[in-house]
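> Kindly generate the corresponding structure for this input.
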Amino acid sequence: MPGFNPKAVFIQAQKDEAEGLAVPASRKYAKIASYLLRRGKPEEAERLLKRAIQLNASAPRVYLEKALCEAHLNRGREAEESLSAFVKIAQQKRKMREYAVLVEAKLAAYPRLREKYFRLFLDQEAGEAGPYLGLARALIAQQGYTRAKDVLVDALRTGTRRGEVIGLMRQALEGLNQMEALFYLQQFEEGKISRPEMVLLLSEGRNTPRAETSVLGDEDLTRMVLALEKELGIDNQVESLLAEEWMPEFERQLMEQTEKDGALKVDLAVGCNEMGLTDCAIHLLASISKRDAHYWLAQSLSGTFYLSEGKDLLALPYFQNCLRYANPDSALAVDACYSLIQIYVRLGDVRRAWELSEQIKNRHANYREFKALREVIETKISEMKVAS
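Below is the predicted model:
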């Protein structure tokens, strides 16, 4: 610290304290402690910090310095307690955002403490990407790439600080070696994929995608209610159901009637989809437990329903799920593989489409329109070679 004379500052701090000037004295003791800490003398620094807190217990930065000092001394629990005290005062003063940069600078070597700070920050405020980015940096520093990816998906949802989110997301995906996701991230960066689509692609495995709300006509509703009243024995009359926003109540009754019957849920979902009620069909299928024998069929049907409506990105995670866990030679796995090839071709991911087509070529070359689809892929590869 150029021009800093710790001995002179210490003498002045003692003088201030003797004259009852607690706040100025506290600041001077803290300043000397910071100097000592940088000089590798955490024990001496800690004694001065305790004195600074006695004189002015409401100064947040002193607790941050104390946390850093305790971290130097490998007293992790005490460091977390001091950090919590720092956060409490920072929250009271509404300065969590203001102190975020200071936290990242002071605790650069202690990502676990930074993680704690930004998690507490997010408990208070989650409207923009800043705290998510701080948390992601702390997680990446600990090689917590999966958790960092999830946090960055939430950051992406805010629509703020796009460039920083993309940069950190790339680090997380590279750490996970998720080449497919990196390809889509590049597409997003180039504006070829929208932000909602990118969120959906990266959210695979966190949440099951829900269908968009259907726009239903009275004729559709009437047919739906009549058919399912007969199947389920629901007492409500069509007129009473249509007289209000009946769908939530109607779906509730469906769920109750079919609670443990996966086969019936599948049958009803197929009926709903045939009537154009994809929303209701997907909800029924999503309620089938993974322990149910019909779970994988439900996953496949969900993807198929979305695919038939041209909603490739919504269909994608369902087919990926089937392909990941189903018997490779099962009809379900082959159909999932074929559907994924179609999706990847349309998304422009020729490499992934080619890799999956190799899986089908050797044993299921006559499946549906595979030969024609394979020709499309080969043509695209040839065009890419010429372009390069």
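
> quick one: low-confidence parts of the stretch 151-300 of the chain?
204-261 (pLDDT under 70).

> the helices in it, which residues?
Secondary structure of the stretch 151-300 of the chain (DSSP state H, counting those that start in this stretch): helices at 162-176, 179-189, 195-202, 218-232, 238-242, 247-257, 262-274, 278-286, 295-308.

> I'd like the distance between the residue sitting nearest the centre point of the chain and residue 199.
Closest to where the C-alpha atoms of the chain average out (Cα atoms, centre = their mean) is residue 150, at 2.9 Å. From residue 150 across to residue 199, the span is 11 Å (Cβ to Cβ, to the nearest Å). All C-beta spots, glycine's among them, are computed from the backbone N, C-alpha and C.

> How about the contacts made by the closest residue to residue 93 other than its chain neighbours?
The shortest distance from residue 93 to any non-neighbouring residue, by Cβ to Cβ, 6 or more residues apart in numbering, is to residue 60 (6.9 Å). Residue 60 sits next to 86, 89, 90, 93, 95, 99 when contact means Cβ atoms under 8 Å, 6 or more residues apart in numbering.

> Likewise for residue 157?
Here residue 157 is in contact with residue 199 (Cβ under 8 Å, 6+ apart).

> before we move on, the earlier item: ok, of the contacts of residue 60, which one's closest to residue 369?
residue 99 (59.8 Å; Cβ to Cβ).

> my read: the closest one touches residue 90, true?
Yes: in this structure, residue 99 is within contact of residue 90 by Cβ atoms under 8 Å, at 5.2 Å.

> who's more crowded, these two?
Higher neighbour count among residue 99 and residue 90: residue 90, with 25 against 20, using other Cβ atoms under 10 Å.

> how close does that one get to residue 57?
Where residue 57 is concerned, residue 90 sits at a distance of 14 Å (Cβ to Cβ).

> what's the answer for residue 309, then?
Counting by Cβ to Cβ - residue 309 and residue 57 are separated by 62 Å.

> Spit out the contact partners of the residue lying closest to residue 135 once chain neighbours are set aside.
Among residues not flanking residue 135 along the chain, residue 118 sits closest, at 3.8 Å (Cβ to Cβ, 6+ apart). Contact partners of residue 118, counting by Cβ under 8 Å, 6+ apart, are 100, 103, 131, 132, 134, 135, 138.

> Widest-spaced pair of those?
Among the contacts of residue 118, the pair separated by the greatest distance (Cβ to Cβ) is 103 and 132, which sit 14.5 Å apart.

> Next up, the contacts around residue 331.
Per Cβ under 8 Å, 6+ apart, neighbours of residue 331: none.

> same deal with residue 300?
318, 319, 322, 332, 335, 336.

> which non-adjacent residue is nearest the fifth one?
Same thing as residue 335. residue 300 (6.6 Å).

> can you pull the alpha-carbon coordinates of stretch 324-331 into CSV?
Presented in CSV, the C-alpha positions along stretch 324-331 are these (Å, rounded to 0.1, in the frame of the first residue of the first chain):
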residue,chain,number,x,y,z
ARG,A,324,-30.7,-43.2,-23.2
TYR,A,325,-32.5,-45.8,-21.1
ALA,A,326,-34.5,-48.1,-23.5
ASN,A,327,-33.2,-51.4,-24.8
PRO,A,328,-31.3,-50.4,-28.0
ASP,A,329,-33.0,-53.1,-30.1
SER,A,330,-36.5,-52.3,-28.8
ALA,A,331,-39.1,-50.8,-31.1
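
> What residues of it count as buried?
Within stretch 324-331, the residues that count as buried by 16 or more other Cβ atoms under 10 Å are residue 326.

> Tell me the gap between that stretch and the middle of its chain.
28 Å (Cα atoms, centre = their mean, to the nearest Å).

> now swap in stretch 191-207 and tell me
Using Cα atoms, centre = their mean, the offset of stretch 191-207 from its chain centre is 10 Å.

> Just the residues contacting it, thanks.
149-150, 152-153, 156-157, 159, 169, 181, 184-185, 187-188, 209, 313-314, 316-317, 320, 348.

> Give me the subset of these lying in strands.
Among the contacts of stretch 191-207, none falls in strands (DSSP state E).

> Type out the ChimeraX command that picks the buried ones from those residues.
Buried members of the contacts of stretch 191-207, defined by 16+ other Cβ under 10 Å, are picked up in ChimeraX with:
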select :149,150,152,153,156,157,169,181,184,185,187,188,209,313,314,316,317,320
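
> what about the residue nearest to residue 135, which helix or strand?
For residue 118, the element it lies in under DSSP states H and E is helix 111-124.

> same thing with residue 31?
Going by DSSP H and E, residue 31 is in helix 22-38.

> Packing partners of that helix?
On a contact count with 3 or more Cβ pairs under 8 Å, 6 or more residues apart in numbering; DSSP states H and E, helix 22-38 meets helix 6-18, helix 42-55, helix 60-72.

> quick check: angle from the second one to helix 6-18?
If you take axes from the mean of the first three to the mean of the last three Cα atoms, to 10 degrees, helix 42-55 sits at 20 degrees to helix 6-18.
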